[in-house]
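A.B. asks: Based on what follows, work out the 3D shape:
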Amino acid sequence: KYHDDGLEIIAAFNADSREEDSGKTLKEVILERNYDKWHNFNLWDFHTTEWSIWCGGSTPAAIVVDSKGNIMTSNRDNVSDPGRNRFGYTASTKLIPVLEELFGPLDEEEKYSSTDYSKDGEVMTLQKATEGKGIPIVLMGDGFVDEEIADSLYARTMNQAMENLFSEEPVRSLRSYFNVYQVTAVSDRNYFDGVSTAFGTVPDHQTTGIDVNADAVMRYVKKVEGIDSIHALAVVILNTSQNKGVTYIMRDDKKTDYEYAIALCPVIDNLKSEMFRLVLTHEAIGHGFAKLADEYVRSTEGSATDEDILLLKQLHEKWSWFMNVDSEKDSTKVIWSQFIFDDAFANEKIGTYEGGYTFFKGVYRPSEGSMMNLNDSPFNAPSRQAIYNKVMLLGLGKRPTYEEFVEFDKQHKPSKWSYRTRARGTWEALWYPAP
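C.D. replies: Okay, the predicted model is just below:
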């Protein structure tokens, strides 16, 4: 199917070069089966560190490599690859979807197209705030066809997404401040090519990023009557199991109270999976709502530049964004210094850990692990404070003191301090909203 598009297959055998029963060489067998080419090499010559990155993990194994020799996907499941997420693929279930992303549908005529758009744009209130003004969250799905809406898959997905959003402290205990809406979006097909779905989402092949038609998302947000759109959080759930996730944080230099953001997350693995819950929490609550920065580092980044540091300080001072990373190493001057010397947070080992904001050097994070690092722990104390402060500001119009947060936090600590998850990386992007 994909040979004319440039796909070549190289098979590696961990076996003797001669079949015991027939006496034929593997080369002869392969040629008899009409493979175009035979690439023969001794596997053990490659049994090195480099080879271990290529192979291992689940079987059957399949590694996808581009024309320059760069690994795009591998079944190896013990390689940390923040930001690109190329490892941990199970060939038996994930190879065909990966190839379809690269080359198009394997069988075009089998792709179902919607015919009933009567439910498109329908709004349902999933939760009404009982405290404060009601902070708006708008849930919508992409890649859901009419049959999946009719059989309630869409509704079940949106409800699970809502539960995931309120699964971590402190937002779990602050849930009563939120209005949550579901807006139905009927896609033409379940194919993420930029045109076949309601929001034109396209998962990136080599990173965890996802492209989206932001204008289309805003049109559906505004289908909620009377919504305060500049303070809304839009959450788009993709109808695919790919391990992706991205948040677009909108910024308006003329409005320091502009809070609109779009968080995108697929139904990773399955609807009830822990990865779906954690990645959605990281994206929507961490980035989208609280405007927290990533605390992990990327292998492609080195030291933060003066320009990077200047932007970070501007975000701190003008918008109170990214308050979980700082360029200040001194524990008495870093923006979360109060937590370092407060015995109430001693068990969290809050400090200044180098590496964050995707940079190896020049930026510091508050804790070794966290929800904003590799999703291996709950939100750390500075992140919980940022979430609490945002709820109080948007819900009640007040700016709480440090002491008020500490008193709240004593009653609502996370129930667990670590999670077992696959390593992954995500990223946030700053966009300026359209006029």
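A.B. asks: State the distance from the closest residue to residue 6 other than its chain neighbours to residue 98.
C.D. replies: Using Cβ to Cβ, 6 or more residues apart in numbering and skipping the chain neighbours, the partner closest in space to residue 6 is residue 67 (7.6 Å). (C-beta placed from N, C-alpha, C; glycine too.) From residue 67 over to residue 98 the distance is 16 Å, taken as Cβ to Cβ, to the nearest Å.
A.B. asks: Which of these two has more residues huddled nearby?
C.D. replies: Summary of the neighbour comparison: residue 67 and residue 98, criterion other Cβ atoms under 10 Å, with residue 98 having more neighbours (17 against 7).
A.B. asks: Go ahead and confirm that one touches residue 63.
C.D. replies: No - counting by Cβ atoms under 8 Å, residue 63 is not a contact partner of residue 98; they are 10.7 Å apart.
A.B. asks: Overlap of the contact sets of those two?
C.D. replies: Residues touching both residue 98 and residue 63 (Cβ atoms under 8 Å, 6 or more residues apart in numbering) are residue 73.
A.B. asks: can you give me the end-to-end distance of stretch 134-147?
C.D. replies: End-to-end distance for stretch 134-147: 33 Å, by Cα to Cα, to the nearest Å.
A.B. asks: Mind checking the pLDDT average for that stretch?
C.D. replies: What stretch 134-147 shows for mean pLDDT is 98.
A.B. asks: Now do the buried residues in that stretch.
C.D. replies: 134-146 (16 or more other Cβ atoms under 10 Å).
A.B. asks: closest to residue 314 among those residues?
C.D. replies: residue 135 (25.0 Å; Cβ to Cβ).
A.B. asks: buried residues in the one helix or strand residue 386 maps to?
C.D. replies: If you go by DSSP states H and E, residue 386 is part of helix 381-396. Within helix 381-396, the residues scored as buried using 16+ other Cβ under 10 Å are 381-395.
A.B. asks: and it, what does it pack onto?
C.D. replies: strand 135-142, helix 402-411 (3 or more Cβ pairs under 8 Å, 6 or more residues apart in numbering; DSSP states H and E).
A.B. asks: Residue 139 contacts residue 164, correct?
C.D. replies: No - assessed by Cβ under 8 Å, residue 139 is found out of contact with residue 164, at 10.5 Å.
A.B. asks: Can you give me the distance of the residue nearest the centre of the chain to residue 64?
C.D. replies: For the chain, the residue nearest the mean C-alpha position is residue 245 (2.1 Å; Cα atoms, centre = their mean). Using Cβ to Cβ, residue 245 is found at 21 Å from residue 64.
A.B. asks: do residue 261 as well
C.D. replies: Residue 261 is 32 Å from residue 64, by Cβ to Cβ.
A.B. asks: that older thread, the helix holding residue 386 versus strand 135-142: what angle between them?
C.D. replies: Interaxial angle of helix 381-396 relative to strand 135-142 (axes from the mean of the first three to the mean of the last three Cα atoms, to 10 degrees): 100 degrees.
A.B. asks: confidence score at residue 435?
C.D. replies: 28.
A.B. asks: Same check on residue 420?
C.D. replies: On the pLDDT scale, residue 420 gets 57.
A.B. asks: before we move on, back to that, any chance of the buried residues of stretch 134-147 in TSV, with distance to residue 301 too?
C.D. replies: Putting those into TSV (distance: Cβ to Cβ, whole Å) gives the following:
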residue	distance to residue 301
134	39
135	33
136	34
137	31
138	33
139	32
140	32
141	33
142	30
143	31
144	36
145	39
146	43
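A.B. asks: tell me which of these is nearest to residue 330?
C.D. replies: Nearest to residue 330 among the buried residues of stretch 134-147, with distances taken as Cβ to Cβ, is residue 135, at 35.0 Å.
A.B. asks: hey, what's that closest one bridged with?
C.D. replies: Legend: beta-bridge partners of residue 135 under DSSP bridges are residue 178.
A.B. asks: i'd like the first residue to be 30 from this point on
C.D. replies: Got it, the first residue is 30 from now on, which makes the last one we talked about residue 164.
A.B. asks: still on that earlier bit, name all residues that make contact with the residue nearest to the centre of the chain.
C.D. replies: 237, 239, 293, 294, 295, 297, 308, 309, 311, 312, 453, 455.
A.B. asks: And the third one, how close does it get to residue 307?
C.D. replies: Here the distance between residue 293 and residue 307 works out to 15 Å (Cβ to Cβ).
A.B. asks: Settle it for me: which of those two has more neighbours?
C.D. replies: Between residue 293 and residue 307, counted using other Cβ under 10 Å, residue 293 has the larger neighbour count: 27 against 23.
A.B. asks: shouldn't residue 345 be in contact with residue 353?
C.D. replies: No - when contacts are counted by Cβ under 8 Å, residue 345 is not listed as touching residue 353 (10.5 Å).
A.B. asks: Who has more neighbours out of the two?
C.D. replies: Just comparing residue 345 and residue 353: by other Cβ under 10 Å the higher neighbour count belongs to residue 353, 31 against 16.
A.B. asks: Residue 290 and residue 93: which is more packed in?
C.D. replies: Of the pair residue 290 and residue 93, residue 290 is the one with more neighbours under other Cβ under 10 Å, namely 23 against 18.
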